[in-house]
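Enquirer: no sequence on this one, just coordinates:
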């Protein structure tokens, strides 16, 4: 199958990732023909953005789209899968989840694959899809060819990886994004206690991210833990003495930084 | 004292912060007249950048500079302090450390203060000082006036804070920068195991930092922990089963994210 502006895509799911991906594909000329979501509002908002129809009933899914792009929470996906494929076994089925293996489709449909953009998506923010790496996996070479064509139209970076590697990528993303954001939250909590605005940390946060474009993170590490400055660390723990959770995080991460610093990079 | 291009400054210390601050002050017209460092190479490199003389002996510190800017590791600073001030009690003494209280100077010199730029500095990277918040503390109103004049020449953002608040800011910076960078390192380790280049994470890292310019971090939190997706978290822990340290960090941070998500923001 040649992916082109004539290719019709039904989106099953209208969350953050689905919204950004559907918009990027629509902008590249794909015809998003329908959006399904359990909640009418989500379905309608995305459908309006991409000029599609919408439904909240899987029984009303269009029968004849070229591609069904499934972007649902993992457990919901597994529950709804039989209904999504019913009567459409000859279409191409794709999902966008880092942690769900490609084999979930096996023996249910003939042609299937994974289209996983590695990014954090919020509805409030525009993202530049062209820089987002897209990780592809396909049931056969013809499907991979189609996925590569699709990916190339919206991004300049694509990689073919298997389900095991994709699962590890997803885990790496939890550290680099979700856990990082939580470090920002804990820092924000400390500032609030002193009535300082969070924005005083933004230049530091930006530079910490910018640095690892130039240096690998193990070379970019600074602070009391990597130089094992016990004086400063003890003063910090004293400040955290009424917050057991933050103290434990401080201790564990300092220990991990110190140990990691001693490993030859 | 009016701070101006005629103001002579001796730098005691030639580390990353000292280097960037001395260059920014020199660019704004201050006369950096001498650089001290324990290691000749560090002293010489910075001295060459700012057109100063240099020394590795505190006994050779110029006697008559208007300002002595001390930027040493905390324990070194405390050890060298008597020698730094000896015979120079009428100059203005400043230090740049987040975790050292202003009172370290008390009863040793008459006029003193703190000039603390909140940023992570590496010699390999240029930084734009104008966006860096500078936190000031002074022994008296006249010294504060001088510090504000100096700060205004190199940055558009300055705050007057006491030593206690500055100590907490420094702790917040450990979370927002040092611990964040360690999250990048742990993610990088996971990619290495799969022979994927670290750069695949850069768009995600950049967006995670960019997001908190628009949303407070507690509102920007995404991922399996905040939605308490036990299926995904258990799969991740299974992947980390041979790495006790990373497993413990994963568990502790997921628990903290989940608990923080339940607190009314």
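Expert: That came through fine. On a predicted model such as this, the values are computed, not experimentally measured, just so you know.

Enquirer: looking at it, residue A:135 is touching residue A:169, isn't it?
Expert: Yes. Counting by Cβ atoms under 8 Å, residue A:135 does reach residue A:169; the two are 6.5 Å apart. (Glycine included, C-beta is placed from N, CA and C.)

Enquirer: Now do the same contact list for residue A:150.
Expert: Shown here is residue A:150, whose contacts under the criterion Cβ atoms under 8 Å, 6 or more residues apart in numbering or on different chains are A:3, A:7, A:25, A:30, A:115.

Enquirer: what kind of secondary structure is the last one in?
Expert: So that's residue A:115. Here residue A:115 is recorded as strand under DSSP: H, G, I helix; E, B strand; the rest coil.

Enquirer: What's the local residue count around it?
Expert: Using other Cβ atoms under 10 Å in any protein chain shown, residue A:115 is surrounded by 23 other residues.

Enquirer: circling back: for the contacts of residue A:150, work out which two are farthest apart.
Expert: In terms of Cβ to Cβ, those reach their longest pairwise distance at A:7 and A:115, which sit 13.1 Å apart.

Enquirer: Wait, residue A:94 touches residue A:69, no?
Expert: Yes. Because the distance of 5.1 Å satisfies Cβ under 8 Å, residue A:94 is recorded as touching residue A:69.

Enquirer: Compare neighbour counts for those two and give me the winner.
Expert: Neighbour count, other Cβ under 10 Å: between residue A:94 and residue A:69, residue A:94 has more, with 27 against 23.

Enquirer: separation between that one and residue A:71?
Expert: 9 Å (Cβ to Cβ, to the nearest Å).

Enquirer: Now do the shared contacts for residue A:135 and residue A:169.
Expert: Counting by Cβ under 8 Å, 6+ apart, the contacts common to residue A:135 and residue A:169 are A:116, A:118, A:161.

Enquirer: which one among the contacts of residue A:150 gets closest to chain B?
Expert: Distance to chain B, by Cβ to the nearest Cβ, is smallest for residue A:115 among the contacts of residue A:150, at 15.5 Å.

Enquirer: my read: that closest one touches residue A:148, true?
Expert: No. Using Cβ under 8 Å as the test, residue A:115 is too far from residue A:148 to be in contact (10.5 Å).

Enquirer: Between its first and last residues, how far does stretch A:64-82 reach?
Expert: Criterion Cα to Cα, to the nearest Å; first-to-last residue distance in stretch A:64-82 is 17 Å.

Enquirer: Helices along the stretch 1-150 of chain A, start to end?
Expert: A:16-27, A:40-50, A:74-85, A:141-154 (DSSP state H, counting those that start in this stretch).

Enquirer: Select, out of these, the one closest to residue A:196.
Expert: Taking Cβ to Cβ as the criterion, residue A:196 comes closest to helix A:16-27 out of the helices of the stretch 1-150 of chain A, the separation being 30.2 Å.

Enquirer: Compute the mean per-residue pLDDT across that closest one, please.
Expert: Model confidence over helix A:16-27 averages 95 on the pLDDT scale.

Enquirer: Please state the offset of that helix from the chain centre?
Expert: Distance of helix A:16-27 from the chain centroid (Cα atoms, centre = their mean, to the nearest Å) equals 13 Å.

Enquirer: In that helix, which residues are buried?
Expert: Going by neighbour count (16 or more other Cβ atoms under 10 Å in any protein chain shown), the buried part of helix A:16-27 is A:16-26.

Enquirer: who touches it?
Expert: Helix A:16-27 has contacts (Cβ under 8 Å, 6+ apart) with A:9, A:11, A:14, A:32, A:35, A:45-46, A:49-51, A:69, A:71, A:96, A:115, A:117, A:119, A:121-123, A:127, A:129, A:150, A:153-154, B:222.

Enquirer: now those: which count as buried?
Expert: In these, burial by neighbour count holds for A:9, A:11, A:14, A:32, A:35, A:45-46, A:50, A:69, A:71, A:96, A:115, A:117, A:119, A:121-122, A:127, A:129, A:150, A:153-154, B:222, counting by 16+ other Cβ under 10 Å.

Enquirer: Go ahead and confirm residue A:218 touches residue B:185.
Expert: Yes. Between residue A:218 and residue B:185 there is a contact under Cβ under 8 Å: 5.0 Å.

Enquirer: what do these two both touch?
Expert: Both residue A:218 and residue B:185 are in contact with residue A:260, where contact means Cβ under 8 Å, 6+ apart.

Enquirer: sorry, back to before: export the buried residues of helix A:16-27 as JSON lines, with columns for distance to residue B:87.
Expert: What follows is the buried residues of helix A:16-27, written out as JSON lines (distance: Cβ to Cβ, whole Å):
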{"residue": "A:16", "distance to residue B:87": "64"}
{"residue": "A:17", "distance to residue B:87": "66"}
{"residue": "A:18", "distance to residue B:87": "71"}
{"residue": "A:19", "distance to residue B:87": "68"}
{"residue": "A:20", "distance to residue B:87": "65"}
{"residue": "A:21", "distance to residue B:87": "69"}
{"residue": "A:22", "distance to residue B:87": "72"}
{"residue": "A:23", "distance to residue B:87": "69"}
{"residue": "A:24", "distance to residue B:87": "68"}
{"residue": "A:25", "distance to residue B:87": "73"}
{"residue": "A:26", "distance to residue B:87": "74"}
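
Enquirer: which of the residues you listed lies closest to chain B?
Expert: Chain B has its nearest neighbour among the buried residues of helix A:16-27 in residue A:16, at 7.7 Å by Cβ to the nearest Cβ.

Enquirer: phi, psi of the nearest residue to the closest one once chain neighbours are set aside?
Expert: In space, not counting the residues next to it along the chain, residue A:16 is nearest to residue A:121; the distance is 3.8 Å by Cβ to Cβ, 6 or more residues apart in numbering or on different chains. For residue A:121, the backbone dihedrals are phi -110, psi 130 (criterion: degrees, to the nearest 10).

Enquirer: ditto for residue A:229
Expert: Note on residue A:229: its backbone torsions stand at phi -90, psi 90 [degrees, to the nearest 10].

Enquirer: need the strands for chain A, in chain order.
Expert: Defined through DSSP state E, the strands belonging to chain A, from first to last, are A:8-12, A:31-36, A:53-55, A:67-70, A:92-95, A:111-117, A:134-138, A:158-160.

Enquirer: and the angle for the second one with helix A:16-27?
Expert: Right, strand A:31-36. Taking axes from the mean of the first three to the mean of the last three Cα atoms, to 10 degrees, one finds that strand A:31-36 is oriented at 160 degrees with respect to helix A:16-27.

Enquirer: what does the longest one give?
Expert: Orientation check (the same axes, to 10 degrees): strand A:111-117 against helix A:16-27 gives 100 degrees.

Enquirer: And chain B, is strand A:111-117 touching that?
Expert: No. Against chain B, strand A:111-117 shows no contacts by Cβ under 8 Å from any Cβ of the partner chain, the least distance being 9.3 Å.

Enquirer: Please work out the average pLDDT along that strand.
Expert: Regarding strand A:111-117, the rounded mean pLDDT is 98.

Enquirer: Pull up the pairing partners for that strand, direction included.
Expert: The pairing partners recorded for strand A:111-117 under DSSP bridges are strand A:92-95 (parallel), strand A:134-138 (antiparallel).

Enquirer: how about the residues of the stretch 1-150 of chain A near chain B?
Expert: On the criterion Cβ under 8 Å from any Cβ, chain B has as its neighbours in the stretch 1-150 of chain A the residues A:16, A:73-75, A:99, A:118-122, A:124-125, A:127, A:131-133.
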